[in-house]
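Enquirer: Coordinates only, no sequence provided:
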Ligand SMILES: [Zn+2]
């Protein structure tokens, strides 16, 4: 027990040290709303650091690249995005929905795969090969894939097609609209997160290279699949509204023009945040199944 407490205190200390300078950058660049987004974001970042410093690197990479992508918008893209959804400064609910699945699998990892064996490891949880920490990586790969898909897909010169009916073209910014450029971007977003997993695996896992390669391919695939599931849910169950004044589809109940929108399709309870969380969970569960299958085969 005292080893666990010792570990937690040590990780908390380093978590605060490493996250402190970041907080300044985030406030300076206005990447999160004050104070809700900042407080939620900082607490989550520290908790993720305690779970695994490598998972923290992955979360950071997701947060920074997706923030850069959404800030670096053309005027045309800004109109499409603001017509359809919220602005690029993330509020606390969005931050939470983007990290809750990673936190969930991460805490399970600590409880079942790390704390019981902590005496063998003593210091950091980075030394452990576990399907649960793998699932936590998969949820972040999903969020990154989804963000890259959306942000880069919207810049595509061709019109998006509906994911549930690929023959049908839909206006840019429509929930469930996919483009080839966006899908490739989503795959790249997933690869970026997997790089952190590769570094961790190469540095610390004393396991064979084929196992690591299979795991990384699996991670890239479930991450991208998660991004596509996000789009699929956007096209099927997400609550969507229509602004009669602007004649535009939106996920907002109050359009940016100030008019109340009319409910159009999906379920009112299934907001964009719910879609983000659930697609990441599906990807995490697939990751656990795939991981166990690979372990079994090797
Ligand atoms: Zn409107």
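Expert: Right, received. Where do you want to start? Because the structure is predicted, anything quoted here is derived from the model rather than measured.

Enquirer: Now residue 239. Its backbone dihedrals?
Expert: phi -70, psi 120 (degrees, to the nearest 10).

Enquirer: How about residue 244?
Expert: According to degrees, to the nearest 10, residue 244 has phi -70, psi -30.

Enquirer: That one and residue 260 touch, don't they?
Expert: No - if you go by C-beta atoms under 8 Å, residue 244 and residue 260 don't touch, sitting 9.5 Å apart. Where C-beta positions appear, they are placed from N, C-alpha and C, glycine not excepted.

Enquirer: Identify the contacts common to these two.
Expert: Residues touching both residue 244 and residue 260 (C-beta atoms under 8 Å, 6 or more residues apart in numbering): none.

Enquirer: Which residue is the nearest non-sequential neighbour of residue 54?
Expert: residue 200 (4.4 Å; C-beta to C-beta, 6 or more residues apart in numbering).

Enquirer: Now do the helix or strand harbouring that neighbour: distance to the chain's middle.
Expert: If you go by DSSP states H and E, residue 200 is part of helix 180-204. On the basis of C-alpha atoms, centre = their mean, to the nearest Å, helix 180-204 sits 12 Å off its chain's mean C-alpha point.

Enquirer: Quick check: which helices or strands does that helix pack against?
Expert: helix 53-71, helix 131-153, helix 209-236 (3 or more C-beta pairs under 8 Å, 6 or more residues apart in numbering; DSSP states H and E).

Enquirer: That helix vs helix 209-236, what angle?
Expert: 150 degrees (axes from the mean of the first three to the mean of the last three C-alpha atoms, to 10 degrees).

Enquirer: Okay, angle between helix 180-204 and helix 53-71 too, please.
Expert: Using the same axes, to 10 degrees: helix 180-204 against helix 53-71 is 160 degrees.

Enquirer: Could I get the buried residue list for helix 180-204?
Expert: 181-194, 196-197, 200-201 (16 or more other C-beta atoms under 10 Å).

Enquirer: Need the mean per-residue confidence for the helix or strand harbouring residue 10.
Expert: Secondary structure from DSSP H and E places residue 10 in helix 2-28. Model confidence over helix 2-28, given as mean pLDDT, is 88.

Enquirer: elements contacting whichever helix or strand comes after it?
Expert: Following helix 2-28 in sequence order, the next helix or strand is helix 36-51 (DSSP H and E). Secondary-structure packing of helix 36-51 (3+ C-beta pairs under 8 Å, 6+ apart): helix 2-28, helix 53-71, helix 92-108.
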